[in-house]
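Undergrad: show me the folded form of this:
(chains A and B)
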Number of protein chains: 2
Amino acid sequence: MTVAVIGVGLIGGSIGLAGRERLGVPVHGHDADPGALAAAVAHGALDAGFDTVAAAVAEADTVFVAAPVGALPAALDAVLAAAPEDCVVTDVGSTKRAVVDGREDPRFVGGHPLAGAETAGVEHARGDLFEGATWYLTPTPVTSGVLYERLHRAITGLGAQPTAIDAAAHDRLMAGVSHLPHVFANVLVSQAAEALSADDERLPATGPSFRDATRVAGANSAIWPDIYLANRDALVEGIDATIERLQRVRGDLAGADAQAIADWNTRAADDRRRLLERELAGGPVHELRVSMPNQPGVIAQLALELGRAGINITDMALYPAPDLRDGVVALWIAGDEPAGRAEALVAGLGFAVARP
Amino acid sequence: MTVAVIGVGLIGGSIGLAGRERLGVPVHGHDADPGALAAAVAHGALDAGFDTVAAAVAEADTVFVAAPVGALPAALDAVLAAAPEDCVVTDVGSTKRAVVDGREDPRFVGGHPLAGAETAGVEHARGDLFEGATWYLTPTPVTSGVLYERLHRAITGLGAQPTAIDAAAHDRLMAGVSHLPHVFANVLVSQAAEALSADDERLPATGPSFRDATRVAGANSAIWPDIYLANRDALVEGIDATIERLQRVRGDLAGADAQAIADWNTRAADDRRRLLERELAGGPVHELRVSMPNQPGVIAQLALELGRAGINITDMALYPAPDLRDGVVALWIAGDEPAGRAEALVAGLGFAVARP
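TA: Residues are numbered from 1 along each chain as shown, chains lettered A, B, ... in the order given. Now for the predicted structure:
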């Protein structure tokens, strides 16, 4: 097996490292940016860098195209034009219909590893980036069975869990759990900014809900507009459905229908619990809210104590009080037993702890 | 001065403690729940508990009504009927028009301290809960100047910063920065739950955007439906405005208008930065993204190191990778200089650190 990687940023570079370290195969590569290509070779992500796509894929039987979403269609076409007949070609783009539809080549399988979107650049690449990660693959009726099996095996070898999914279902899924939350965050900040300037008010200490809900607002403008556009069909569907939901709530509020609002809120609590229980391993996730002074070292004390007890913090969020002098730390702990021990430990440290 | 507190949960109890400790005045109180009243006396939040509203306010010149939002109008009416003529009466509800409109009594001033929504119950009450907190007051043309001044002084004495605001402006503000984010979170989880069941798909490792955006989904059903209903006018306005925004984005997506989408995303990034810079003291807030193994003790090591260097973490969020074995920690640090030192320190610990 010889692997080629086209586009050697964080994802492409990590595929190269994992290919060399875990699959033990030679990895060839190309990047439109000669500096990035040289950095990938220097980082050990490639055995050899090539000036052209054609040279990089000439000896490959498995090609990963890890170009940014906006450059992906052209990069894929170039690879498919140059790759050998018995070569499987995949991509790592975060939307799939835009690359799969109309590209009916038995050698091509769309792909999307759920890993590593937080940092960029080959300097952050790691050979274990895909360990345990879901890696979606979108085979179609024209996909070669032999080539699909080879790709599946390669991805397992990189440490990930290949999961076949229809391209349209994948895009709906991503719209719901990733792209739509980004759109909502953008809308919320703009709404708040306008409301504040209309009232000529200072922003109050907005508290956790606003910060959490808008953390991803205005996400990296070099990447996200392309993602929105590439998944625009599913996103438009998702926006239409959420507008319908908002209009139902609006109606219940305008009519002061207390029972409908209470039922709606309870359903949302149930939905969230079910979704996050499915997501996170280790049993139901418990939230603990700990009141503590917001001083250097206090979070450390808390985390250290739980660490010593072997309790893993699945997620955490710090909500400073308006004066930034004290606040509440929310901790999410998976599993009934660890959560119970965590609660007792935190109380033993002298902090007030509650389960909301 | 004699203070009376009607409703002695977290907020009422903290007012009692701060009144006794900081103002050095006697605090009388009443709660509809005799057990809560006894607990407040035992906790030291009240000098004396009374069986009736009338008895509790008989000797008071300053009354805080800290009943839940749903019970607030009736509690306020009972207090205003029983309170002496020269007595200022305020509340602590999180929406203001519903209590201020139609209650045109020179003794009444609506209030809303931005503090302490995370835990409930008098056992978590603290005398320093309001230290540095914004405390909105909504005086009207009929409000007595003498009584307003007394209330202002009392609130300053509790440690908070009284800020006068029009009741309608207050409710629009809260709709934008708190209630609307809660509504959006509810809509997002229900949307995702439905999309997943339609495709019969497992929930993928949804990643940080979904979890952050839906952290407050289905918030405490004992409280939030009443808050939504009490602020329904501003919330309906806010929902209408966000539906308009969503429809504009939808149009730009459907028309594949790349420039419009890019501009919209950049504006959201600007809006978020501006809003959070106003909120958080200490200069512009910098986000650092640190890649690290998701093991007990590692967060502690990081926080401890920053603590030793006197660098305060304004906010943090842990994004576990799908396998929960490693992940990214986002840190928000206020001020250019501390953020720069933090970045160098973290890199010195051997973790990859990036500014997104």
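
Undergrad: what helices and strands are in contact with the host helix or strand of A:G29?
TA: Using DSSP states H and E, A:G29 sits in strand A:27-30. Under the contact criterion of 3 or more Cβ pairs under 8 Å, 6 or more residues apart in numbering or on different chains; DSSP states H and E, strand A:27-30 touches strand A:3-6, helix A:10-18, helix A:34-43, strand A:48-49, helix A:53-57. Every residue, glycine included, has its C-beta placed from N, CA and C.

Undergrad: got the domain boundaries for chain A?
TA: As given by automatic domain parsing, the domain ranges for chain A are A:3-165, A:170-278, A:285-354.

Undergrad: quick one on the thing from earlier: who touches the strand holding A:G29?
TA: Applying Cβ atoms under 8 Å, 6 or more residues apart in numbering or on different chains, the contact partners of strand A:27-30 are A:2-8, A:12, A:15-16, A:19-20, A:37, A:40-41, A:45-53, A:55-57, A:59-60.

Undergrad: state the pLDDT value of the residue nearest to A:I11 when sequence neighbours are not counted.
TA: With Cβ to Cβ, 6 or more residues apart in numbering or on different chains as the criterion, A:I11 has its nearest non-adjacent residue at 4.7 Å, and that residue is A:A66. The model reports A:A66 with a pLDDT of 96.

Undergrad: rewinding a little: go through the domains of chain A and name the closest to B:S94.
TA: Minimum separation from B:S94 across the domains of chain A (Cβ to Cβ) falls at domain A:170-278, 10.4 Å.

Undergrad: ok so, going back, need the buried ones from the contacts of strand A:27-30 selected in ChimeraX.
TA: The ChimeraX command for the buried members of these (criterion: 16 or more other Cβ atoms under 10 Å in any protein chain shown) is given here:
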select /A:2,3,4,5,6,7,8,12,15,16,19,20,37,40,41,45,46,47,49,50,53,56,57,60
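
Undergrad: of the contacts of strand A:27-30, list those near chain B.
TA: When Cβ under 8 Å from any Cβ of the partner chain is taken as the criterion, no member of the contacts of strand A:27-30 contacts chain B.

Undergrad: circling back: so for the strand holding A:G29, mean pLDDT?
TA: 98.

Undergrad: now the residue of the stretch 1-150 of chain A found nearest chain B. Its backbone dihedrals?
TA: For the stretch 1-150 of chain A and chain B, the shortest gap (Cβ to the nearest Cβ) falls at A:G132, measuring 2.6 Å. Backbone geometry at A:G132, expressed as degrees, to the nearest 10, gives phi 80, psi 0.

Undergrad: what do you get for the one 4 residues further on?
TA: With angles defined as degrees, to the nearest 10, A:Y136 shows backbone torsions of phi -70, psi 140.

Undergrad: what count of nearby residues applies to it?
TA: Neighbour count for A:Y136, taken as other Cβ atoms under 10 Å in any protein chain shown: 24.

Undergrad: just give the closest residue to it, not the sequence neighbours.
TA: Closest to A:Y136 by Cβ to Cβ, 6+ apart is A:H112, at 4.4 Å.

Undergrad: quick one on the thing from earlier: and of the helices and strands packed on strand A:27-30, who's closest to A:A169?
TA: Per Cβ to Cβ, nearest to A:A169 of those: helix A:10-18, 22.2 Å.
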